[in-house]
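Peer 1: make a model of this:
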Amino acid sequence: MFFNNTDKRYNQFSAYLKNKFGAKVYKITLDAGFSCPNRDGTISTGGCIFCDDGGSFSQAHSNLLSIEEQVNIGAKTLHDRFKAEKFMSYFQAYSNTYKPVEELEVIYKSALKHPDVVGLSIGTRPDCIDDDKLNLISDISKDYYTWIEYGLQSIHDKTLKRINRGHDFNCFLKAYEKTKEKGINVCVHVIFGLWETKDEILQTAQRLAQLGVDGVKIHMLCALKDTKLAKLYEANEIDFMSEDEYVNLVCDFLEILPPQTTIHRLAGNGLKKNLIAPRWLGAKLDCLNKIDREFIKRNSYQSSKYFTRT
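Peer 2: Numbers count the residues shown, from 1 in each chain. Below is the predicted model of the structure:
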């Protein structure tokens, strides 16, 4: 089974967008100076053990620039480099609903003024959302292709506690249900390698399949400079999956998800200059190619086990 008129055996989000809009859609990553309740002392201090000072921000312009300036610069750069024609504004760093709704409205609408921006994606935590914020984002979704990306990482509360996540799975469920009631697309972030067994990781896949989530972004746990996780690694208190283990687990995970779930990321985590371990994560394309080859080897594809489980 192939997806989006490609040779991919999973529902790759970039290919899905190209089919939807008739051209490749590029994300412009934006930094609006948000914080996080799990870092500023509202919930706890220090944040999740894997999060660095960039708040999981892989690339961006300085937040000293206005949002409009960041969008304009990003669009021009992507156009000059890739001949890009359409864009999504992507608020990635920290928790991008963690401000009063009046401020959010100004920030989000500033990111939509460029004539070639067709959508908006907002990365946040499930404990940083409420009805007023959802109403605002729902109104935007009437005119722009809009997503909320929730960091879940795992359905297992013991894991969330161990990584100092600051919320439980039930908190995510409540936020997810409210968001879907507003008709907003939801992408769920999960992390492999959080001291969980293979069965526990695949239980997360099974639960997301039951929920019918719109999108999934898969990360490999990694140690970045100046994080609590890096200290654990340096003290030999944690090790990481090999690339082969990760590739096989990704395929196992995707086989469980329904075919309509779009896959937003399968490899890559953090800036290479900040990556301590595992070093193989720095070669993103190699990992993606190995995932493709593993699906071919299995003669399998995303959702191949979904129909037998539901």
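Peer 1: ranges for the helices of this structure?
Peer 2: Here the chain has its helices, by DSSP state H, at 13-21, 67-82, 101-110, 131-140, 157-162, 169-181, 198-211, 228-234, 243-256, 284-298.
Peer 1: tell me which of those helices is the most buried.
Peer 2: Ranked by mean neighbour count, those are led by helix 243-256 with a mean of 20 (mean count of other CB atoms under 10 Å). For the C-beta atoms, the positions are set from N, CA and C on the backbone; glycine is no exception.
Peer 1: give me the contacts around that helix.
Peer 2: 10, 192-193, 198, 201-202, 204-206, 209, 218, 220, 241, 263, 266, 278, 280, 286-287, 290-291, 294-295, 298, 300-306, 309 (CB atoms under 8 Å, 6 or more residues apart in numbering).
Peer 1: thinking again about what came up before, can you lay out the helices of the chain as JSON lines showing distance to F50 and mean pLDDT?
Peer 2: Output for the helices of the chain, formatted as JSON lines (distance: least, CB to CB, whole Å; pLDDT from 0 to 100):
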{"stretch": "helix 13-21", "distance to F50": "23", "mean pLDDT": "97"}
{"stretch": "helix 67-82", "distance to F50": "25", "mean pLDDT": "96"}
{"stretch": "helix 101-110", "distance to F50": "26", "mean pLDDT": "98"}
{"stretch": "helix 131-140", "distance to F50": "25", "mean pLDDT": "98"}
{"stretch": "helix 157-162", "distance to F50": "11", "mean pLDDT": "94"}
{"stretch": "helix 169-181", "distance to F50": "17", "mean pLDDT": "98"}
{"stretch": "helix 198-211", "distance to F50": "16", "mean pLDDT": "98"}
{"stretch": "helix 228-234", "distance to F50": "5", "mean pLDDT": "89"}
{"stretch": "helix 243-256", "distance to F50": "15", "mean pLDDT": "98"}
{"stretch": "helix 284-298", "distance to F50": "18", "mean pLDDT": "96"}
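Peer 1: between these, which one is nearest to C48?
Peer 2: C48 lies closest, by CB to CB, to one member of these: helix 228-234, at 8.3 Å.
Peer 1: you'd agree L221 is up against L232?
Peer 2: No. L221 is not in contact with L232 according to CB atoms under 8 Å; the separation is 10.7 Å.
Peer 1: tell me the bridge partners for L30.
Peer 2: Per DSSP bridges, the residues bridged to L30 are F91.
Peer 1: can you redo the helices of the chain as JSON lines with distance to F91?
Peer 2: Below are these laid out as JSON lines (distance: least, CB to CB, whole Å):
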{"stretch": "helix 13-21", "distance to F91": "17"}
{"stretch": "helix 67-82", "distance to F91": "9"}
{"stretch": "helix 101-110", "distance to F91": "8"}
{"stretch": "helix 131-140", "distance to F91": "11"}
{"stretch": "helix 157-162", "distance to F91": "23"}
{"stretch": "helix 169-181", "distance to F91": "16"}
{"stretch": "helix 198-211", "distance to F91": "23"}
{"stretch": "helix 228-234", "distance to F91": "24"}
{"stretch": "helix 243-256", "distance to F91": "26"}
{"stretch": "helix 284-298", "distance to F91": "22"}
